[in-house]
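Enquirer: quick one, fold the following:
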Amino acid sequence: QVQLVESGGGLVHTGGSLRLSCTASGFTLDAYAIGWFRQAPGEERDGISCISSNGAGKYYTDSVKGRFTISRDYDKNTIFLQIDSLKPEDTAVYYCATGKVYCPTNWYDGYEYNYWGQGTQVTVSS
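Expert: Numbering: from 1, shown residues only. As a prediction, the model looks like this:
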């Protein structure tokens with residue numbers, strides 16, 4: 001059974017940084033694209049980034065470009081999301097998801113992914 005696990009969330013001040021991690025138990029992520037999503041209270045889930053299986057394709061939603069960086073470490077079977085210059089509006093539960101080799105055209109659409117983690121909370125105080 002595929003299980004994704006996110007970690008690295010926390011409470012930070014505006015302008016701070018966090019590095020989120022997404023790993024899997026009993027499953028190798030090497031051959032899969034990974035998407036990151038977030039959902040703030042009372043809002044819809046939004047796709048924020050995707051990295052292809054070979055790491056060459058990286059995509060970001062406009063609101064995080066220049067502040068978020070997605071990467072992957074094959075030795076650690078882990079995908080990272082470095083989030084810098086955090087703003088209060090970045091407060092949300094962050095999820096990773098997978099299911100395809102390449103980031104799909106609609107990589108920001110959660111319906112493109114089959115497997116999800118339980119999420120990690122990021123809270124940014126003003």
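Enquirer: could you use CA atoms for every contact and neighbour count after this?
Expert: Will do.
Enquirer: geometric centre of this protein: which residue is closest?
Expert: When the chain is reduced to its mean C-alpha position, the closest residue under C-alpha atoms, centre = their mean turns out to be residue 36, at 2.5 Å.
Enquirer: quick check: what element follows the strand or helix carrying that one along the chain?
Expert: With elements delineated by DSSP states H and E, residue 36 resides in strand 34-39, which encompasses its position. Of the helices and strands lying after strand 34-39 in sequence (DSSP H and E), the nearest is strand 46-51.
Enquirer: touching that following strand from outside, list them.
Expert: Taking contacts as C-alpha atoms under 8 Å, 6 or more residues apart in numbering, the residues outside strand 46-51 that touch it are 33-39, 57-61, 64, 70-71, 102-103, 107-110.
Enquirer: what angle do it and strand 34-39 make?
Expert: Counting by axes from the mean of the first three to the mean of the last three C-alpha atoms, to 10 degrees, strand 46-51 lies at 160 degrees to strand 34-39.
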